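*Asks:* sharing a sequence plus its predicted fold:
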Amino acid sequence: MSDARAIGVFDSGVGGLTVLRALRQAMPFERFVYLGDTARLPYGAKSADTVSRYALQCAVNLRRYDVKSLVIACNTASAVALPALREALGGMPVIGVLEPGAQAAAATSATGKIAVLATEGTVRGGAYERAIKTFNSHAQVLSLACPLLVALAEEGLVSGPIVELVARRYLAPIAVTPVDTVVLGCTHFPVFLPVLQSLLTPEHRWVDSAATTALAVRATLASLRLLAQEGLADPRAVRFLATDGAERFARVGSLFYGEAIPESAVEVVDLA
Ligand code: DGL
């Protein structure tokens, strides 16, 4: 059995395109509808209630595109809204990035000492710490909020002295509380990996939840017999939706997606 319907993916903006890229690599025969809530980014600085409300609106909107499952590409929304979205969407499989990232971190760390770089909202709720501890109850998790990195990535500023200065400051607690593994617990942070790596040692291990999430989505859909039939690659395989700014979505999004997104491919939608 196979299911040709698209997979819905949403994020607060363009950062989740790193997750979409990994999903496409893991499942080249699937169709996707990606929604970036660019009008309301950042989610990371907002309260859990507000993020849950926004996430619910994104999910309900994507359901109108007849999607067969939902991927929450946003760490902040995964941290605060996953149970609410599962309940709201009834039987539809809903997968967030947080649990696969936590599992990968627990599996990667030899010492159980793990740092999580994330938004304020993700850090505040302690969701990564809880999730990592379900895979390794002895883990010691150092959660570090790095909000300025989101703003820098949104400006397309991913290297150079300003980024180094900001990243150095955010990583400083690791000198006091050593870890062997660092989780990029925010959609925007994979683009900073070269700079972040240069500021720690070559022995530090890095976890990007995008690839592990893609594998978790594939496994879930396979177990439910919801994967599309192989070989039926669709030229309209990805549909891009944004709540504001098609030109900005295309320009900044290309950086995260790893390939050019034409502005004409981005539809602006109203979630109300
Ligand atoms: N998508 C958010 C996350 O992964 C980062 C950007 C934001 O704060 O909205 O947590």
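*Replies:* Now that the structure is in, tell me what you want to look at. Residues are numbered from 1 along each chain as shown.

*Asks:* and residue 52, what does it touch?
*Replies:* 77, 80-81, 84 (Cβ atoms under 8 Å, 6 or more residues apart in numbering). Any C-beta I mention is one placed from the backbone N, CA and C, and that applies to glycine too.

*Asks:* the ligand: which of those is nearest?
*Replies:* Among the contacts of residue 52, residue 77 lies closest to the ligand (Cβ to the nearest ligand atom), at 7.2 Å.

*Asks:* got the contact list for the closest residue to that closest one other than its chain neighbours?
*Replies:* Nearest non-adjacent residue to residue 77, counting by Cβ to Cβ, 6 or more residues apart in numbering: residue 55, 4.2 Å away. Residues counted as contacts of residue 55 (Cβ under 8 Å, 6+ apart) are 10, 43, 72, 74, 77, 80-81, 84-85.

*Asks:* swap in 10 Å and give it another go.
*Replies:* 10-12, 37, 43, 70, 72, 74, 76-78, 80-82, 84-85, 88, 96 (Cβ atoms under 10 Å, 6 or more residues apart in numbering).

*Asks:* where's it, which helix or strand?
*Replies:* helix 48-63 (DSSP states H and E).

*Asks:* in that helix, what's buried?
*Replies:* Within helix 48-63, the residues scored as buried using 16 or more other Cβ atoms under 10 Å are 48, 51-52, 54-59, 61-62.

*Asks:* my guess is residue 191 contacts residue 158. True?
*Replies:* Yes. In this structure, residue 191 is within contact of residue 158 by Cβ atoms under 10 Å, at 4.6 Å.

*Asks:* so those two - more neighbours on which side?
*Replies:* residue 191 (22 against 19; other Cβ atoms under 10 Å).

*Asks:* could you check how far that one is from residue 258?
*Replies:* 10 Å (Cβ to Cβ, to the nearest Å).
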